[in-house]
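> pasted the sequence and its predicted model underneath.
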Amino acid sequence: MFKSERSLFQARPSAYLRVARFVVLAFGLASSAPCSAQSTGSPPTTADDRRADRSPWGVATGAEWLDDYPKFNPMLRQAGVRWLRGFYEWQTIQARPGEWNFAASDRLLENARSNGLRLTGVFAYLAPWASADGGTRRFPIKHIQFWRDYVAGMVARYHSDIKYWEVWNEFNGSFAVGGSPEIYAELVREASISAKKIDPTAKIGMSVANFDVRFLDAAIKAGAAGHFDYICVHPYEILAGLREGGEPAFLNMTTTLRKMLEANGQPADTPLWITEIGALAPVKQAGAEDQTQAVELAKAYMLSIAAGFQRVFWFEARGPSYGGGNDYGLIRADMSSRPSLDVLRVLTSRLGAAPAPAGWLDFGEGAYGFVFDNEGRAVLGAWAGAERQVRVVFERDVRLLSLNSGEGRTLSAGEPLMLTDTPVLIEGLPAALVEKARAQADKPYPWTARHSGGVQANAMLGERNTDNGIRQINLDTTIADRDGRRTNFARSDKEGHYAYFQVEPQFTPFGTRALEITAVVRRVAADKVAGMSIDYESTRGYVGSDYRSIAVGDAWQEISWTITDANFVGAWGWNFRLNGISSPNDFLIKEVRVRRTQ
């Protein structure tokens, strides 16, 4: 239905569009013999496994600057990072059948080990001699035995140092042309069987670009069931949504994944990882933009840990530019650190090497509070939602910590603290607050449970939208106009032809299929012909509907679409959009509604 992934989230390139990256994430590789795939010893026992670590603090590195690890690994260590994701590809390690060259990856492992970093492995991509077209990213593979031998060779060499292995990197994206859920399921199944013959303690991870629960669901159904030990997602777009109040959607990711696992008969407590997440910052030093990245990093780690993700890997360590003078790195190309690296250092030092989620606090008015347990010490992370300020007062003195420096000051009892969208850390909480947070730990978040009971959700659009279970995102694709919002066809990037919406996940939980979507619209003028279709998230991915014309006149009118294959999980940050790309003229939108029909 769509020409490319790019067309689906051009709305804000810095927030919703992530250009395809040639990633090299971390291959935990060991020892020094360059051309043998022999075992380096027996796998460690579970009770004393140095390959494992309870720490959530991870960083992923991209292919372009992987060889700079001797420079950036010490910086990551100083920032408290405990996990590194990066890999040398199959074609580098096995250029020809039967010939193994582990020299580069051995050096990576030794350096990581010397910096106290544990590595995660990634089986990727194809060796040209094993690919049907002689490339590295196009399927089919010539014979699955080549894949089995590659996996076996890697695990045989590195099982003493690598416990966790992801199968491919973003198979559902641009790194597996011609791929399908069935092909991916076969790769997962054969990797698991081959790896565990050598190391029964090895853990195999399924991995997807974005938050593509649909693809994971399809691959599990296609034969991956029972052959994976953890799930990995890359929710860049959901992180970008925090700029517009997207915290509830972020917190709900683990709930959606567990519902999907349970629906497929898989363990609901399967560990969940985020192996890539990131935000852009200017290549050249820029105060406000650099701070925006730092704020998003702090929220990404705290929300992930609070929601139950076991590990989180910021992408990336050192960042090259992907165009537009921006990159994702914690470290600039000249090896100077960004504020985001300083914030990461504060988080790891104040929350601890292995923080545990200890509950939440609701400060009202759209403010978020999460308590973390740092070896028995409670630390609160708190901030206000987008474009909000919330006044908070504590009944006793607490210690207020700077996110950027970690330096603290005493906030006296009764002294007001104004929460903004920049998080703060607070130590020395009153015991009653800590107990309240702990008592609420297993209860639904108050920010995500407002619309689970009714059969209809809606959003009223205008100068300031009113959200009732539906939230318009990327508002700048439309313009406030009288008692609604108008599309903006004048935008050069064509994004003004779309209006994007996200439905609260409690209203359309995983498995909800039958919905009616209604738009209340009118022409901008009686003689200005206009119309629209909808694009929505389905069990087949994002798909489009039929085109509907807006009737002649200047009265508001309702246009509805009934769908039976909805799958509103927010893979690219949105669930449906009004699509005016075929409309001759702009149109006005007053309201959108979603009704459950089953």
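Right, received. Where do you want to start? Computed from a predicted structure; not experimentally measured. Numbers count the residues shown, from 1 in each chain.

> the domain parsing of this protein - what is it?
Split into domains by automatic domain parsing, the chain comes to 6-350, 358-439, 456-596.

> who are the contact partners of T478?
Neighbouring residues of T478 by Cβ atoms under 8 Å, 6 or more residues apart in numbering: L461, Q472, R485, R486, T487, N488, G496, A499, I589. (Each C-beta comes from the backbone N, C-alpha and C, glycine too.)

> ditto for A432
E395.

> just give me how far the helix or strand where it lies sits from the chain centre.
Element membership for A432, per DSSP states H and E: helix 431-439. Taking Cα atoms, centre = their mean, to the nearest Å, the mean C-alpha location of helix 431-439 is offset from the chain mean by 29 Å.

> let me see the mean pLDDT of it.
Mean per-residue pLDDT for helix 431-439: 96.

> just the buried residues of the following helix or strand past it, please?
Counting by DSSP H and E, the element after helix 431-439 in chain order, helix or strand, is strand 456-460. Buried residues in strand 456-460, counted by 16 or more other Cβ atoms under 10 Å: A457, N458, A459, M460.

> from Y328, how far off is the residue nearest to the spatial centre of the chain?
Nearest to the mean C-alpha position of the chain, by Cα atoms, centre = their mean, lies P235 at 1.7 Å. According to Cβ to Cβ, to the nearest Å, P235 and Y328 sit 14 Å apart.

> follow-up on the earlier one: wait, what's in contact with the residue nearest to the centre of the chain?
The contact partners of P235, taken as Cβ under 8 Å, 6+ apart, are N210, F211, F250, M253, I274, I277.

> my read is that the fourth one contacts I238, right?
Think M253. Yes: counting by Cβ atoms under 8 Å, M253 does reach I238; the two are 6.7 Å apart.

> what about the residue lying closest to Q91 once chain neighbours are set aside, neighbour count?
Leaving aside its sequence neighbours, Q91 sits nearest to A127 (Cβ to Cβ, 6 or more residues apart in numbering; 4.7 Å). For A127, the count of nearby residues is 22 (other Cβ atoms under 10 Å).

> ditto for G496
20.

> SS state for V295?
Under DSSP: H, G, I helix; E, B strand; the rest coil, V295 falls in the helix class.

> give the contact list for the nearest residue to it once chain neighbours are set aside.
If the residues on either side of it in the chain are set aside, V295 comes closest to T422, at 5.4 Å by Cβ to Cβ, 6+ apart. By Cβ under 8 Å, 6+ apart, the contact set of T422 is Q291, V295, W383, L403.

> try 10 Å this time
Q291, T292, A294, V295, A298, K299, W383, A384, L403, N404 (Cβ atoms under 10 Å, 6 or more residues apart in numbering).

> need the per-residue pLDDT for R450.
pLDDT, R450: 62.

> correction: T45
Confidence at T45, expressed as pLDDT, is 55.

> count of residues packed around F102?
If we define neighbours as other Cβ under 10 Å, then F102 has 27 of them.

> can I get the CA coordinates of the helix holding A432 in CSV?
The C-alpha coordinates for helix 431-439 follow below in CSV (Å, rounded to 0.1, in the frame of the first residue of the first chain):
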residue,chain,number,x,y,z
ALA,A,431,9.2,6.8,54.4
ALA,A,432,5.4,7.2,53.8
LEU,A,433,6.0,8.2,50.2
VAL,A,434,8.3,5.2,49.6
GLU,A,435,5.7,2.9,51.2
LYS,A,436,3.0,4.4,49.0
ALA,A,437,5.0,3.8,45.9
ARG,A,438,5.7,0.2,46.8
ALA,A,439,2.1,-0.4,47.6
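
> buried ones in that helix?
Buried, per 16+ other Cβ under 10 Å, within helix 431-439: L433, V434, K436, A437.

> ok, which pair from those is furthest apart?
Distance extremes for the buried residues of helix 431-439: the farthest pair is V434 and K436 at 7.2 Å, using Cβ to Cβ.

> which residues are in contact with both of the two?
Shared contacts of V434 and K436, counting by Cβ under 10 Å, 6+ apart, come down to G359, L361, V371.

> OK, contacts around N73?
Counting by Cβ under 10 Å, 6+ apart, N73 makes contact with 59, 61, 81, 84, 108, 111-117, 317.

> that one: which element?
Assigned by DSSP H and E, N73 belongs to helix 69-78.

> and after that helix, which helix or strand comes next?
Sequence order places strand 83-85 as the next helix or strand after helix 69-78, per DSSP H and E.

> what's the distance between the residue in the chain sticking out farthest from the centre and T562?
Farthest-out residue of the chain from its mean C-alpha position, per Cα atoms, centre = their mean: D527, at 44.7 Å. When distance is defined by Cβ to Cβ, D527 is 31 Å away from T562.

> do Y125 as well
In terms of Cβ to Cβ, Y125 sits 41 Å off from T562.

> check F489 too.
F489 sits 28 Å away from T562, taking Cβ to Cβ as the criterion.

> of these two, which one has the most company?
F489 (16 against 12).

> separation between the more buried one and N73?
Where N73 is concerned, F489 sits at a distance of 49 Å (Cβ to Cβ).

> please apply the same query to L578.
Distance, L578 to N73, using Cβ to Cβ: 47 Å.

> same question, A432
When A432 is compared with N73 (using Cβ to Cβ), they lie 43 Å apart.

> ditto for G511
Using Cβ to Cβ, G511 is found at 43 Å from N73.

> in the stretch 401-550 of the chain, which spans are strands?
Using DSSP state E, counting those that start in this stretch, the strands of the stretch 401-550 of the chain run over residues 408-411, 417-419, 424-427, 456-460, 466-468, 470-473, 478-481, 484-487, 498-503, 515-523, 531-538, 541-544, 548-549.

> wait, which of these is closest to H159?
Among the strands of the stretch 401-550 of the chain, strand 541-544 comes nearest to H159, with 36.5 Å by Cβ to Cβ.

> how far off centre is stretch 573-587?
25 Å.

> how far does that stretch stretch from one end to the other?
This stretch, stretch 573-587, spans 24 Å end to end (Cα to Cα, to the nearest Å).

> could you give the mean pLDDT of that stretch?
The pLDDT scores in stretch 573-587 average 97.

> could I get the buried residue list for whatever helix or strand L400 lives in?
Assigned by DSSP H and E, L400 belongs to strand 398-401. Neighbour counts over strand 398-401 (16+ other Cβ under 10 Å) mark V398, L400, L401 as buried.
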